[in-house]
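Peer 1: mind looking at a prediction? Sequence and model below.
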Amino acid sequence: MNFDLDQEHRDLAAAAAEFLATAEAPQAARAALDGDAAIRPGRAELVKSGFAAITIPESAGGGGGSVLHLAVVAEQAGRVLAGPSLTGFARAAVLLDGDPDRLAGLADGSLAVAVADDTGPVLDAIGADTFLALRSGALTCGPGQVTAREPIDATRALGDVTLGDNPPLVRDAAALWQRAERVGRTILAAEGLGTAARLLEIGVEYAKERQAFGRPIGSYQAIKHMLVDVYVAVEQLRSLVWWAAWAADHSPAELPLAAAAAKAAAATTLEQAAETVIQVHGGIGFTWEHDAHLYWRRAKVDRFLLGDDIAAFDEVARLAMEQAS
């Protein structure tokens, strides 16, 4: 099966890249980490662009597009360390399906939604005013009190959320919540794909320019092998991300395995890419002044969002064995 993108998706990627260029990353990520500026492009601008509402039905003011369309945009967002994450928008669109008023609020920005999981800080909690959560099997929706976390990666706007006695929207929502989580994993993996691909480009560019003993360092086998290993991992992740996005749109039975595989591979590939780029840059790669640590921070945070890579690999193994039996 061909999981490559067609011209429509490539055009969408180009449009997203042009819009996200205004994020001025990684300078904006550094400014947010220093506390001197908000994350870019920011929730309002992302909503205004229409990219955040791609998977919201047209009847509610969204784009009426597919998860694959959103994943294409998410890849470009990952390249520039943009925030907020499209993961929250993707999950909220699934959870609010059948609720046209709240979907419309999500699409026009009047409802700033974050999805609160049971464990760990909440992605993009800072700046959100409405929280979706699963409580005793029911989907709840309402306000919450946010306590900001000391940021490792400020672009993720992590916060601890204390929810009140919010009313249930859906009584038996376990299956709905699980699907939303898998769609969210897919979009998070797409962002990781973009970040890892950009890291590879940075490493290759530097390896061509930096001279050691009269030769570009990229001519030495040790550097070549590290970068090639990252290239292979990135291309494998690319296939998994497009598979998971396609499954979310067309093959619900394949989504559990595809989303878990994409999540696991994204966590390990992004970390490998970030650490490789630091090594390729040598001493300057470890400095605060160099941008490599901004990508490393994204890798360390994303590894634990929506479950860590170990849990995802365990899920892949369990689902694969169930299918084989």
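Peer 2: Here it is on my side, so go on.

Peer 1: list of residues touching stretch 239-246?
Peer 2: The contact list for stretch 239-246, computed with CB atoms under 8 Å, 6 or more residues apart in numbering, reads 3-5, 66-68, 70-71, 75, 182, 185-186, 189-190, 193, 254-255, 258-259, 261-262, 265-266. (Each C-beta comes from the backbone N, C-alpha and C, glycine too.)

Peer 1: which among those residues count as buried?
Peer 2: Burial by neighbour count, judged by 16 or more other CB atoms under 10 Å, picks out 5, 66-68, 70-71, 75, 182, 185-186, 189-190, 193, 254-255, 258-259, 261-262, 265-266 from the contacts of stretch 239-246.

Peer 1: show me what the helix or strand containing residue 47 is packed against.
Peer 2: If you go by DSSP states H and E, residue 47 is part of helix 43-49. Taking 3 or more CB pairs under 8 Å, 6 or more residues apart in numbering; DSSP states H and E as contact, there are no helices or strands that helix 43-49 lies on.

Peer 1: so how far is residue 290 from residue 300?
Peer 2: 16 Å (CB to CB, to the nearest Å).

Peer 1: list the residues that contact residue 96.
Peer 2: 102, 103, 106, 113, 132, 169.

Peer 1: how close does it sit to residue 170?
Peer 2: 10 Å.

Peer 1: shared neighbours of these two, anything?
Peer 2: By CB under 8 Å, 6+ apart, no residue touches both residue 96 and residue 170.

Peer 1: who's in contact with the helix holding residue 47?
Peer 2: 19, 22, 41, 52-53, 82, 84, 86, 107-109, 112, 124, 127.

Peer 1: ok, so of these, who is nearest residue 177?
Peer 2: Closest to residue 177 out of the contacts of helix 43-49 is residue 124 (17.7 Å), distances taken as CB to CB.

Peer 1: my read is that closest one is in a helix, agree?
Peer 2: No - counting by DSSP: H, G, I helix; E, B strand; the rest coil, residue 124 is not part of a helix but coil.

Peer 1: not counting sequence-adjacent ones, nearest residue to it?
Peer 2: residue 84 (4.1 Å; CB to CB, 6 or more residues apart in numbering).

Peer 1: pull the longest helix from this protein.
Peer 2: helix 174-209 (DSSP state H).

Peer 1: other SSEs contacting it?
Peer 2: helix 67-79, helix 86-95, strand 215-216, helix 221-250, helix 255-280, helix 292-302.

Peer 1: which regions of this structure sit below the pLDDT cut-off?
Peer 2: 1-3, 36 (pLDDT under 70).
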